[in-house]
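J.: Any chance you can model this:
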Amino acid sequence: MIRTAALALLLGLTAAPASAAELDPQTGFIIAPGWETVRNNCIACHSPKLVTQNSGSREHWLSLIRWMQEKQGLWPFDAQTEETILDYLSTAYGPKEGARRPPLRPDQLPENPYRQPTKAQ
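T.: Numbering: from 1, shown residues only. Next comes the predicted model:
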């Protein structure tokens, strides 16, 4: 009995979760192909947490890059750099299943003081 418990404890302490990813200790970025390119281009302007706390599809990340280029002065990327960044972000920080709660029903929403009454037709 004690031997079984000790073995279970040993296995529990030494087995890493299958989903655990190695993180860069300075940025918190998941270490995967392209992470250094993201580090070199993204944290020059903002915190790495703006990356790590977000997720989205490749299209989502591309829209953020375009917004930063148009509104925030982000430099243009060559095609290979942009591809590397998008591959990394959409893979390491891709869409999360079930990460968002379902939308509230209309009866759960607070009263909107700006809502106009609907007109009868």
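
J.: what ranges of this protein fall below the confidence cut-off?
T.: For the chain, the stretches flagged by pLDDT under 70 are 1-19, 121.

J.: just the helices in it please.
T.: Along the chain, counting by DSSP state H, helices occupy 2-14, 35-42, 49-52, 58-71, 79-92.

J.: what does the shortest one rub up against?
T.: It refers to helix 49-52. Identification of contacts with helix 49-52 by C-beta atoms under 8 Å, 6 or more residues apart in numbering yields 27-29, 38, 42, 89, 93. The way it works is simple: take the backbone N, C-alpha and C, and place the C-beta from them, glycine included.

J.: so, if you compare those residues, which one comes nearest to residue 48?
T.: residue 27 (3.9 Å; C-beta to C-beta).

J.: contacting residues around that closest one?
T.: 39, 43, 48, 52.

J.: Just the CA coordinates for stretch 37-57, please, in PDB.
T.: Only the C-alpha atoms of stretch 37-57 are listed here, as PDB (Å, rounded to 0.1, in the frame of the first residue of the first chain):
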ATOM      1  CA  THR A  37      10.700  36.900 -34.300                       C
ATOM      2  CA  VAL A  38       7.600  37.800 -32.300                       C
ATOM      3  CA  ARG A  39       9.700  38.900 -29.300                       C
ATOM      4  CA  ASN A  40      12.000  41.000 -31.500                       C
ATOM      5  CA  ASN A  41       9.100  42.800 -33.300                       C
ATOM      6  CA  CYS A  42       6.400  43.000 -30.700                       C
ATOM      7  CA  ILE A  43       7.900  43.900 -27.400                       C
ATOM      8  CA  ALA A  44       9.800  46.700 -28.900                       C
ATOM      9  CA  CYS A  45       6.600  48.700 -28.500                       C
ATOM     10  CA  HIS A  46       4.400  46.900 -26.000                       C
ATOM     11  CA  SER A  47       4.400  44.500 -23.100                       C
ATOM     12  CA  PRO A  48       4.600  40.800 -24.000                       C
ATOM     13  CA  LYS A  49       1.400  40.400 -22.000                       C
ATOM     14  CA  LEU A  50      -0.500  42.100 -24.800                       C
ATOM     15  CA  VAL A  51       0.300  39.000 -26.800                       C
ATOM     16  CA  THR A  52       0.100  36.300 -24.100                       C
ATOM     17  CA  GLN A  53      -3.300  37.400 -22.800                       C
ATOM     18  CA  ASN A  54      -4.900  37.400 -26.200                       C
ATOM     19  CA  SER A  55      -5.800  34.700 -28.700                       C
ATOM     20  CA  GLY A  56      -7.300  34.500 -32.100                       C
ATOM     21  CA  SER A  57      -7.200  33.200 -35.500                       C
END
